[in-house]
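> this is a predicted model, with the sequence first.
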Amino acid sequence: MMRALYSSVAGLRTHQTKMDVIGNNIANVNTVGFKSSRTTFSTMMYQTTSFASGANAATGRGGINAKQIGLGTTFASTAVDIDTGGASETTGKAFDLKLSDSNSTSFYIVNNGTENVFTRAGAFYVDGAGNLCMESTGYTVMGWQVDANGNIRKDTVTPLKIMSAGNQTSQPEYTTSAVCTGILDDNNSNVNSDEGYNMNLNFFDNLGYPYTARFSMQKTGGEDADGIYTINLTDIQDANGKSIFTAKSKGLGDIFGGGQGSNVYITKNYKVTNGMGNTLTKLANDTADATTGQMTYNFTSDQVNQWFGPASKTDRLPSGLRVELKVTPDANGGAPTTELKVYDSNNTEFDISTYTWINDATATVPGGGTGTAGPENQAWKTTTFEEKLQNMVDTGVIKPTTRDDGNGGQETVYILESKAVRELYDEFKKPMADAGNALPDYISGDMEFVLTADKKVDLTSLKWADGAGGGDTAFPGALGAATYTDVLSNHIEEGYVVVPTDKVNEMGVFTTDIPSDAEIRYTYGKNGAWSYEIVTPGSDGYELQFSTADGSLTYIGSTGKMTQTLRLSELATEGNPFSDIEIDFSTLKNLANGASNTAAMSPGDGDGEGKGKKVGTLIGLSVDNAGKIYGSYSNGNTTLLGQIAVARFANASGLESIGDNCYRTTMNSGEFDGIGVEMDSDGSSIDSGTLEMSNVDLATEFTTMITTQRGYQANSRVISTSDSILEELVNLKR
């Protein structure tokens, strides 16, 4: 009977242990990465009261089994369900990581300060020192580091310090390529203006500093040559809007120039500093030679053609030339001497020997007559009064008006106001006097005349309102044939002097420096008024030729070329680490687009490579399926920062649980080699933004709890029954 009592006590004890395991499982039903356990029992020793005997052939008796009485049960083992994964809990946090095993069970490797231990709980965070750690314990997550070439170095695992000082920023990248694409329309007003159609290219230098290169596109082919444009570099400015070109640096033509550019007006890009207007005037006056007082006035060939050019376009100066007139005062107060030269965009002297209206004072000039009265070495033209008046009618300077003719009808007359009359008087006063037909000094009123049937000025109808009150008076007949010789020196006020750029920049005349090879053109103007223009050098820029058949680009600069280089390396110094940028123009089109341009420049090639980047700051972290940790930076870079390594064991269930969701190796689990393996080496993966929940199955646990309770109750009934039997036995003596 005592055996029954003790067997039941053993049963109570083992069922209590099983209940403890069930209770632990249920308690950890929401513990991240928890693995449930189950218990197994085994029978205890048996008391043999009679040993077994074999069959006896001699006596004819059969064998007898041994007589054994069991002494109860004992706790045999706990088995951890290590291979069954828990359900997934989506959190969205980058460092909530779930191990999704394919063929074998994996573990994160973490260090508690003294040794490496292992866990399935992937709730990690970055601590104040930048280490990836377990949220619950602060144990550092171990993995592999990145070498100098950005590759994972799979050697001994070390703490993943993903927020180290070196990882806080991403290196900048300089811009190496760009594209110019879109449509240029011949009818767009900008491409036909002096300023051109403007485009900007934003780029980075080797240190990540941003700059803006400004370009201007102009239609330069003219009426007789369609599809020809010129692109010029007009400036490069830093992030503060300051030009990087100074008088001591390279110029626009050095950076982007093939000698095919046009003088683009960039005046609007610069403003005179307050109070520096007088300084600019002084610098203009200072251009005179200190010894001789010689001043150099410049004119565009278009201006000279307008004033003096023959009717035939083929006999005019080509567009884009610079006409230079040097005026030297006479030491004795006489008439100044002049010297005229013409230069092309490369500042090379242009041959004007065939242009008789410029350099030959004895040549027959347009309009009749000879040039004997014209100064030598000046552009000049002899004009009669009749020609002058006819030109004023043809160009709309003198406009028609309709009035009552006094006979009940209407007449059309042309009236020149007194101010213009006075100018004509001043021009022709001396020629008339030389011809013996001096004009009266009192000419000051309005002048009127009519046209003949063929729209020519009728000099016989010409009369003026007598300024002396004498009524209308007819002009002398000789006036019609009077000649006036106009020379370039008469247009000094419309010419310009070139103010030295270095002086202007040195004295801060403009709010930002002017490119060193840009030209500052100062014009004195009439009545003391002055103005200035700033233009790019003719040595910068390239010609673009488009196909008139389909509008595609034929070349830029020279036949066959579709790209040109912004030669920033010319500016490279220790303080300005620039690199060249190759600009692709191959996709640019010349098409009708409703007079609208869409042409634009953007950094990077067709695939977006070579755009350049500024210094980036770390703005995000992510983990891929292989456990590789990447940093995302504000400049668009993504950099590999390290990789989480995992451990695998021959007998994962043999690991010893040490609490805090961690395990330690035992002699029966297999050893950790200190290196680990890559998570995806067997097809497994790490899922970011997800946690592995406990694998406890409550239905199973509750069912097991019921059977455990029944077992416990049954054993307790054995004890109570045995006690009752013993009580009856004791009561026998009564």
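All right, it came through fine. On a predicted model such as this, the values are computed, not experimentally measured, just so you know.
> okay, which residue is most central for the protein?
Taking Cα atoms, centre = their mean as the criterion, N202 is the residue nearest the geometric centre of the chain, at 5.3 Å.
> which neighbouring elements make contact with the helix or strand where that residue lies?
Secondary structure from DSSP states H and E places N202 in strand 197-204. Applying 3 or more Cβ pairs under 8 Å, 6 or more residues apart in numbering; DSSP states H and E, we find strand 197-204 packed against strand 177-184, strand 210-219, strand 581-584, strand 600-603. Any C-beta I mention is one placed from the backbone N, CA and C, and that applies to glycine too.
> dump these to CSV, plus mean neighbour count.
Listed next are the helices and strands packed on strand 197-204 as CSV, based on neighbours: other Cβ atoms under 10 Å:
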stretch, mean neighbour count
strand 177-184, 21
strand 210-219, 21
strand 581-584, 20
strand 600-603, 18
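> between the ones you listed, which one is nearest to G408?
Shortest distance between G408 and the helices and strands packed on strand 197-204, using Cβ to Cβ, is found for strand 210-219: 53.9 Å.
> following that closest one, which helix or strand comes up?
Past strand 210-219, further along toward the C-terminus, the next helix or strand under DSSP H and E is strand 228-238.
> what's next to whichever helix or strand comes after that next one, contact-wise?
Toward the C-terminus, strand 228-238 is succeeded by helix 252-255 as the next helix or strand (DSSP H and E). With contacts defined as Cβ atoms under 8 Å, 6 or more residues apart in numbering, helix 252-255 is touched by 232-236, 245, 259, 261, 515, 517-518, 536-537, 539-540, 566-568, 570-571.
> at 7 Å what do you get?
The contact list for helix 252-255 (Cβ atoms under 7 Å, 6 or more residues apart in numbering) reads 233, 245, 515, 517-518, 536-537, 539-540, 566-568, 570-571.
> which one of these is nearest E411?
Of all those, T536 has the smallest distance to E411: 52.8 Å, by Cβ to Cβ.
> what's the neighbour count on the closest one?
Using other Cβ atoms under 10 Å, T536 is surrounded by 28 other residues.
> confidence score at it?
Looking at T536, its pLDDT stands at 91.
> skipping adjacent residues, who's closest to it in space?
Nearest non-adjacent residue to T536, counting by Cβ to Cβ, 6 or more residues apart in numbering: V264, 4.5 Å away.
> was I right about that neighbour contacting S216?
Yes - V264 lies in contact with S216 (Cβ atoms under 7 Å); the separation is 4.5 Å.
> how near is the residue nearest to the centre of the chain to P577?
Distance from N202 to P577, counting by Cβ to Cβ, to the nearest Å: 17 Å.
> and what of F204?
11 Å.
> neighbour count for the two, which is higher?
F204 (24 against 15).
> distance of that one from I398?
For F204, the distance to I398 - Cβ to Cβ - is 60 Å.
> low-confidence bits of the protein, can you list those?
1, 222-225, 247-248, 360-377, 429-444, 465-481, 526-527, 574-576, 734 (pLDDT under 70).
> could I get the full set of helices for it?
Assigned by DSSP state H, the chain shows helices spanning 2-27, 252-255, 277-285, 301-308, 356-359, 385-394, 418-434, 501-507, 698-731.
> so what's the gap between the longest one and the chain middle?
Spelled out, it's helix 698-731. Taking Cα atoms, centre = their mean, to the nearest Å, one finds helix 698-731 lying 81 Å from the centre of the chain it belongs to.
> over to the third one?
Centroid displacement of helix 277-285 relative to its chain, using Cα atoms, centre = their mean, is 40 Å.
> list the residues that contact D194.
With contact set as Cβ under 7 Å, 6+ apart, D194 has these partners: Y265.
> that one and V535, how far apart?
8 Å.
> list residues touching both of these two?
Common neighbours of D194 and V535 (Cβ under 7 Å, 6+ apart) are Y265.
> for the nearest residue to T690 once chain neighbours are set aside, give me its contacts.
Leaving out its chain neighbours, the residue that sits closest to T690 by Cβ to Cβ, 6+ apart is K98, at 4.2 Å. K98 makes contacts with S88, G122, D687, T690, L691, E692, as judged by Cβ under 7 Å, 6+ apart.
> only the buried subset of those residues, as a ChimeraX command please.
Applied in ChimeraX, the following selects the buried portion of the contacts of K98 according to 16 or more other Cβ atoms under 10 Å:
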select :122,687,690,691,692
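> farthest-apart pair in the contacts of K98, please.
S88 and G122 (11.0 Å).
> and G610, how many residues sit next to it?
Residues near G610, counting by other Cβ under 10 Å: 18.
> I figured it hits E173, correct?
No - checked against Cβ under 7 Å, the pair G610 and E173 is beyond contact range at 8.4 Å.
> how near is the nearest residue to N359 once chain neighbours are set aside to T384?
Once flanking residues are discounted, N359 sits nearest to I352: 5.4 Å by Cβ to Cβ, 6+ apart. I352 sits 26 Å away from T384, going by Cβ to Cβ.
> do E448 as well
Computed as Cβ to Cβ, the E448 to T384 distance reads 20 Å.
> look up the residues forming beta bridges with the residue nearest to D127 when sequence neighbours are not counted.
Using Cβ to Cβ, 6+ apart and skipping the chain neighbours, the partner closest in space to D127 is C133 (4.9 Å). Beta-bridge partners recorded for C133 (DSSP bridges): Y125, T140.
> contacting residues around C133?
F124, Y125, D127, Y139, T140, V141.
> among those residues, name the buried ones.
F124, Y139, T140, V141.
> the third one and V110 touch, don't they?
What it means is T140. Yes - using Cβ under 7 Å, T140 makes contact with V110 at a distance of 6.4 Å.
> what count of nearby residues applies to the residue nearest to L568 when sequence neighbours are not counted?
Of all residues not flanking L568 in the chain, F578 sits nearest, at 3.7 Å (Cβ to Cβ, 6+ apart). For F578, the neighbour count with other Cβ under 10 Å is 25.
> check E701 too.
Neighbours of E701 (other Cβ under 10 Å): 17.
> kindly report the same for R422.
By other Cβ under 10 Å, 14 other residues sit near R422.
> distance of it from S722?
For R422 relative to S722 (Cβ to Cβ), the value is 147 Å.
> equivalent analysis for M295, please.
The gap separating M295 from S722 is 136 Å, by Cβ to Cβ.
> so where do the strands sit in the stretch 601-734 of the chain?
Using DSSP state E, counting those that start in this stretch, the strands of the stretch 601-734 of the chain run over 616-623, 628-633, 638-644, 646-648, 656-659, 662-664, 685-688, 690-692.
> again with the stretch 51-200 of the chain
Using DSSP E, counting those that start in this stretch, strands in the stretch 51-200 of the chain cover 67-70, 73-80, 88-90, 97-100, 106-111, 116-119, 124-126, 132-134, 140-146, 152-159, 169-170, 177-184, 197-204.
> between these, which gets nearest to K35?
Short answer: strand 73-80, nearest of the strands of the stretch 51-200 of the chain by Cβ to Cβ, at 5.2 Å.
> what inclination does that closest one have with respect to helix 698-731?
Note on geometry: by axes from the mean of the first three to the mean of the last three Cα atoms, to 10 degrees, strand 73-80 and helix 698-731 are set 170 degrees apart in direction.
> the residue nearest to L283 when sequence neighbours are not counted: neighbour count?
Using Cβ to Cβ, 6+ apart and skipping the chain neighbours, the partner closest in space to L283 is V499 (5.0 Å). Using other Cβ under 10 Å, V499 has 23 neighbouring residues.
> winner for burial among the helices of the chain?
Comparing the helices of the chain by mean neighbour count (mean count of other Cβ atoms under 10 Å), helix 252-255 comes out on top with a mean of 23.
> quick check: S531 touching I520?
No - with contacts defined as Cβ under 7 Å, S531 does not count as touching I520, sitting 11.4 Å away.
> could you check which of those two is surrounded by more residues?
Set side by side, S531 and I520 give different neighbour counts by other Cβ under 10 Å, the larger being at I520 (24 against 11).
> what sits against that one?
I520 is in contact with V498, V499, T501, V504, I514, Y532, I534, counting by Cβ under 7 Å, 6+ apart.
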